Structures are given as C-alpha cells and as structure tokens.
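# 3D model of this:
(one chain, ligands or ions: 1)
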Amino acid sequence: MNALLSLRDVWVEYGEKVVLERVNLDVAAHSFVSVVGPSGAGKSSLLRVILGQERPSRGSIHLDDAPLAPECGPDRGVVFQRYSVFPHLSVLRNTMLGLECTQAPFSARLFGSARKAARDEAVAMLEAVGLGHSLDLYPAQMSGGMQQRLAIAQALIKRPRILLLDEPFGALDPGIRSDMHTLITKLWKDYQLTIIMVTHDIREAFSLGTRVLAFDKRRHDPHAPHRFGATAVYDLTLDKKTQQLPPDNGGITLDTIRNTMEDVA
Ligand SMILES: Nc1ncnc2c1ncn2[C@@H]1O[C@H](COP(=O)(O)OP(=O)(O)OP(=O)(O)O)[C@@H](O)[C@H]1O
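Here you go, the predicted model:
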C-alpha cells in the first residue's frame, strides 16, 4: 500500500498506565477509516498523537513519508463532538479564520485582495456544507447540526491532508445524524479526503468507512489493568458494493465488535 499516514510501533503511556501498545498502521490516501472500540480503549489518544497534540511515548508517525511535525499544522484537520467553533465569531469569520491564521500567522488579519479571496473561499466552503444562507449567524443562534457543519467547514478550509473526526455526530439527533452522514460522504468524495473517524456507533462505522479498525487490549493482567495497552485487534477493508450493514446496537463491547466483524467479513 502506498500509505499517506504510517504509524510504526506507536505506544502511548501515561506514567505506568499503558494506553496504546505496538500500533502499526498504514492509511492509504482517500480512504475513510472508522475506528471503534470499547470506552477507554485509547481511540481519542490515537487521534491526539496523529493530530500532534501529544507525542507518542515510543514509535514513529510519518505523513507523506516525512516525520510528523510535532505541533498540529494545517496538514491535519479535526472535528470534535462539540465546542470546535468560536462562539464570538460569525459563521463566515469562524471559517475565514483558518485561512487568516495560515496566511498571516502573526496578525490573523488579511487585507485587500487577499481578504477578498479568503472570503470567497470561505463562502464557497460554507455553501458546500449547506451553510451558504447562514454567513452572519453566531454559533449560539445555530442548531447542533449546523454547528457541526461549521466545524467541518472550518477544518476543510485549510485543505488538510488528513481529516480526523472524533465522535463528530455523537451529540446529534438521528435525523440530523443521517443528513450529516450524507454530507460527509459527499465531501469525502468531492474533496478526495482521507478521513479517520472515531465512533461509538458500529453501524455508522460500517456505513461510512471503507475500512474499520477495532481497538482493544490483546492481553489483560487482572491484577494490574493498566499494564497492557490496546492495539488494532481487527482491521477490515470493506467492499462498498456488497457491503452488509450490521444491525443497530447499543454500546460497543468487544463481543459486539467481534460478532459484527465476523458477520460482515
Ligand atoms: N492525560 C492523561 N493522563 C492519564 N491518563 C489518560 C490521559 N488521557 C487519557 N488517559 C487515559 O487513557 C485511556 C484511554 O483514553 P481515551 O480517551 O483515549 O479512550 P477512548 O477509547 O477514546 O474512550 P471513550 O470511548 O470513552 O471516549 C483512559 O483510561 C484514560 O483515562
């Protein structure tokens, strides 16, 4: 595989607590990787080290064959479940800010033709996420679904090489969630995105992803639960044409993951 992102023998440890161990992963460009696993399995920790918010305790991460820059840059975009947008800025200003920070890192202000170009680009991106008529609204005036559309626009305006989604639709009602699934699938295709999405919803993982990774511990020490970390225990590439969706499920346990992976494989 010609990997866009490669993790080699990555470990994440907090003091004596091992959260992730021996994670080896190659992510191809334009893939949509869903990451599932029980609560506490280290899914968000995985996203944090890819994002550059934290450094792995061991191992290496390469993006486009170059070691990952230690700080989070415009090559990686992220959308969290909540609170990604700036409440004191309008929809348009929230979106333009990404371009202003990249093009004018000290002042975060653009002037003249550069400002007009940034405004036009932000308007086009907001139209792409369905917020073309909401440019002057503030986040408090918007629904949760609209705020997540804005968070996606904010992340995509910087044209990231890789887009990380941490439970992005987890707080939304089912109808809105389904609209967001349609939107993210369209954006993924239109912008040729590479996406890694953490989700607790196994159906969402399978319906959106081209590949599903399940994280869990391979080994347990009942006397010292912190001693071993999680890694990718299942790694399934999906054939979108023949794909069967798993039934709706409640919370994710290793059994639901195992059964689903075995049924769908
Ligand atoms: N800064 C930290 N210091 C110590 N322990 C941490 C720190 N950050 C995370 N952890 C621990 O690492 C483990 C994995 O956390 P993480 O949030 O990555 O799991 P998760 O799979 O995303 O969980 P969830 O599905 O509940 O969101 C948890 O036990 C958590 O308490």
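
# for stretch 6-22, what is the average pLDDT?
Stretch 6-22 carries an average pLDDT of 95.

# now could you export just the CA positions of that stretch as CSV?
The C-alpha trace of stretch 6-22 is given here as CSV (Å, rounded to 0.1, in the frame of the first residue of the first chain):
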residue,chain,number,x,y,z
SER,A,6,2.1,5.4,8.7
LEU,A,7,2.4,4.6,12.4
ARG,A,8,5.2,2.3,13.4
ASP,A,9,5.3,0.6,16.8
VAL,A,10,3.5,3.5,18.4
TRP,A,11,3.0,3.4,22.2
VAL,A,12,1.1,5.9,24.4
GLU,A,13,1.8,5.7,28.1
TYR,A,14,0.8,7.9,31.0
GLY,A,15,3.2,7.1,33.8
GLU,A,16,2.7,3.4,34.5
LYS,A,17,-0.5,3.3,32.5
VAL,A,18,-0.2,1.8,29.0
VAL,A,19,-3.0,3.1,26.8
LEU,A,20,-1.8,2.1,23.3
GLU,A,21,0.9,-0.5,22.5
ARG,A,22,2.6,-1.6,19.3
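
# If we go by neighbour counts, what in it is buried?
Ser6, Leu7, Val10, Trp11, Val12, Glu13, Val18, Val19, Leu20, Glu21, Arg22 (16 or more other C-beta atoms under 10 Å). Every C-beta, even on glycine, is put in place using the N, C-alpha and C of the backbone.

# Dig out what Leu164 forms beta bridges with.
Following DSSP bridges, Leu164 is listed with bridge partners Val78, Ile196.

# right, and it touches Ile50 too?
Yes: with contacts counted by C-beta atoms under 8 Å, Leu164 reaches Ile50, the gap being 6.2 Å.

# Report the set of residues contacting both of those two.
Residues touching both Leu164 and Ile50 by C-beta atoms under 8 Å, 6 or more residues apart in numbering: Arg76, Ile196.

# Just the endpoints, please. Distance across stretch 61-71?
Terminal residues of stretch 61-71 are spaced 13 Å apart (C-alpha to C-alpha, to the nearest Å).

# What average pLDDT does stretch 159-179 get?
So the average pLDDT for stretch 159-179 ends up being 90.

# Walking through the stretch 151-265 of the chain, point out its helices one by one.
All helices of the stretch 151-265 of the chain, identified by DSSP state H, counting those that start in this stretch, fall at 174-190, 202-208, 254-264.

# Appreciated, that's everything.
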